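> I'd like to go over a predicted model; first the sequence, then the structure.
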Amino acid sequence: MNAPCRGDVGGGGGVEVLQPFHPGEVGLQQAAGLAALGALIDLGGQHLGQPDQAGSSQGFWTNRSVLALAGDRDRVEVISGLAQHVVLAAVDSGWEGPPFDPFTLADLLGVPLAARQGLPDARTVPHEGSSLRRAEELDKVLDLEVPPVLIEYNPTRPRGRLRYSLAHEIAHAFFPDVAEMARHRTGAGAVAELADGDDWQLELLCNIAAGELLMPTDTIVGLDDQPLDIEMLMTARSQFDVSTEALLRRVATQTNQPVAVFAASRVNGNDDKSAFRVEYVVPSRSYTSPFERGRHLPNDSVLAECAAIGFTARGVLDATVSGHELAVQCVGLPPYPNHRLTRVAGIVRMPTSEVASIPSITYVVGDATRPHGNGSQIIAHVVNNQASRWARHGFAGTLAESYPDAPIYFSTWVMDDTARARPRQGPFP
């Protein structure tokens, strides 16, 4: 009996689910949420989803493995947070990047790997052999024994695809019931419409975790410091050693800029007179323009300039596409099997006047012990949840020099009730 481990692309990461979603016709969602997460697949973007105004997040999630991991907590928040904690612990254990090597991460996690030619991609199977020893720092993060599983992978797959498939399978090892059955990819992936049951929910969360493992949030923050540029993103793709689509989708779910990532291909993949059809759209949080999956674009549009893999182009899509002109940057992707013409992925940007206002953090350069601005200011200093006093070096030491009473107040607060320093219960501290 198999529980499919299907889908190997993505990069969802810390995307907040603002409301529950159910499978349906494609619609543009302003808030990312599961609509954007559903697009984190490499199957032509068959599913984005629509909001279920009457539903609840409790009713949406039904998969047994998902419920075993997260209980009644926000599932996306749990898997994103767990992946982030794994990244931090792995880095503390010597993991370096970007690019972040999933082979090294599997070793740190104590999960054995085996090359198997003939597999479509990768799979996680029960394994009776002895597990490897997990790194001490990761033992503190994962509140379960090293699972008796083996990850098998096809070493002949393209490098970016292989790396993402491994990260996806590693994410399966975060779930407490991973060893109950073999988990392998099928054609359905994380697409609800193509799945026989609710296993696509598990695949969706593994896609989110895989994106966070290979492209940690902290490492892609700098990509958002300036207007997104396709050449700059292609350089970043090489740095992270992931596929073009995986990086673009990851950036779309993280950026505050009014952009959307899309992929398109010719209706007839062997006829250069054929129109382009949009396969999927992943909007950023501030993107509101109607640009949807299934829309046809002219065969002589700027997309046609991406006539070979890696070719980039810039231009404008006219108002017939979304009601007003959209600036577009795009790049050529490998064609589908038995097709001669390339697929295309790209970024469309809304006019400045259409940008939605969203909460954001403003980063400035200066002295963190002397915040800018008038009136009362707050300095948030985060310490280990088992610490009873501040360190004497680094920022803590500098802060203590500026505010000598603060570390004394902190130590007194902890000593008054030692329970305050205990780690909270859950799969990660």
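Sure thing, it's come through.

> where does the stretch 251-400 of the chain dip in pLDDT?
For the stretch 251-400 of the chain, applying pLDDT under 70 flags the ranges 321-323, 351-366, 372-374.

> all helices of it, in order?
319-322, 394-402 (DSSP state H, counting those that start in this stretch).

> adding distance to Q329 and mean neighbour count, write those out as a markdown table.
Placement of C-beta: from N, CA and C, glycine included. A markdown table is the format used below for those (distance: least, CB to CB, whole Å; neighbours: other CB atoms under 10 Å):
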| stretch | distance to Q329 | mean neighbour count |
| --- | --- | --- |
| helix 319-322 | 15 | 16 |
| helix 394-402 | 39 | 14 |
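
> please enumerate the strands of the stretch 101-250 of the chain.
Using DSSP state E, counting those that start in this stretch, the strands of the stretch 101-250 of the chain run over residues 113-115, 122-126, 149-153, 183-184.

> as a markdown table, those with mean neighbour count, distance to N256 and mean pLDDT would be great.
Formatted as a markdown table, these follow (neighbours: other CB atoms under 10 Å; distance: least, CB to CB, whole Å; pLDDT from 0 to 100):
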| stretch | mean neighbour count | distance to N256 | mean pLDDT |
| --- | --- | --- | --- |
| strand 113-115 | 13 | 37 | 94 |
| strand 122-126 | 23 | 34 | 90 |
| strand 149-153 | 23 | 35 | 92 |
| strand 183-184 | 24 | 35 | 66 |
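
> between those, which gets nearest to C306?
Nearest to C306 among the strands of the stretch 101-250 of the chain is strand 122-126; the distance by CB to CB comes to 29.3 Å.

> tilt between that closest one and strand 149-153?
Here strand 122-126 points in a direction 160 degrees away from that of strand 149-153 (axes from the mean of the first three to the mean of the last three CA atoms, to 10 degrees).

> check which residues of stretch 94-103 are buried.
Across stretch 94-103, burial judged by 16 or more other CB atoms under 10 Å covers 95, 97-102.

> how does this protein divide into domains?
Here the domain parsing of the chain from automatic domain parsing is 21-219, 256-354, 364-429.

> still on that earlier bit, in a markdown table, list the helices of the stretch 251-400 of the chain along with distance to T255.
Shown next, in a markdown table, are these (distance: least, CB to CB, whole Å):
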| stretch | distance to T255 |
| --- | --- |
| helix 319-322 | 19 |
| helix 394-402 | 28 |
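
> so which of those helices is nearest D417?
Nearest of those (CB to CB): helix 394-402, 21.5 Å.

> and the gap between P298 and V267?
12 Å (CB to CB, to the nearest Å).

> next one: P404
Distance, P404 to V267, using CB to CB: 70 Å.

> pull out the buried positions in the longest helix seen in the chain.
Ranked by residue count, the top helix of the chain under DSSP state H comes out as helix 75-92. Under the neighbour-count criterion of 16+ other CB under 10 Å, helix 75-92 has 75-76, 78-91 buried.

> thinking again about what came up before, nearest to L303 among the strands of the stretch 101-250 of the chain would be which one?
Using CB to CB, those put strand 122-126 closest to L303, at 31.7 Å.

> A345: which of the helices of the stretch 251-400 of the chain is closest?
Minimum separation from A345 across the helices of the stretch 251-400 of the chain (CB to CB) falls at helix 319-322, 16.4 Å.

> okay, now the nearest residue in space to L119 that is not next to it in sequence: neighbour count?
Nearest non-adjacent residue to L119, counting by CB to CB, 6 or more residues apart in numbering: N154, 4.2 Å away. When neighbours are counted by other CB atoms under 10 Å, N154 registers 17.

> circling back to that earlier point, which one of P404 and V267 has more residues nearby?
Counted by other CB under 10 Å, P404 and V267 do not tie: V267 has more neighbours, with 12 against 9.

> contact partners for the closest residue to D229 other than its chain neighbours?
Among residues not flanking D229 along the chain, Q329 sits closest, at 7.1 Å (CB to CB, 6+ apart). Counting by CB atoms under 8 Å, 6 or more residues apart in numbering, Q329 touches 228-230, 312-314, 346-347.

> what do you get if the cut-off is 10 Å, keeping everything else the same?
227-231, 233, 259, 302, 312-315, 345-349 (CB atoms under 10 Å, 6 or more residues apart in numbering).

> and if you look at F276?
For F276, the contacting residues are 264-267, 295-301, 303-304, 341, 343-344, by CB under 10 Å, 6+ apart.

> what is the burial count for the closest residue to L303 other than its chain neighbours?
Using CB to CB, 6+ apart and skipping residues adjacent in sequence, the residue nearest L303 is V344, 4.7 Å away. Here the number of neighbours of V344 (other CB under 10 Å) works out to 28.

> try P283
28.

> give me the pLDDT value at the residue nearest to L119.
We have a pLDDT of 92 for N154.

> could you number the chain from 59 rather than 1 from now on?
That works, and once the first residue is 59, the last one we named lands at N212.
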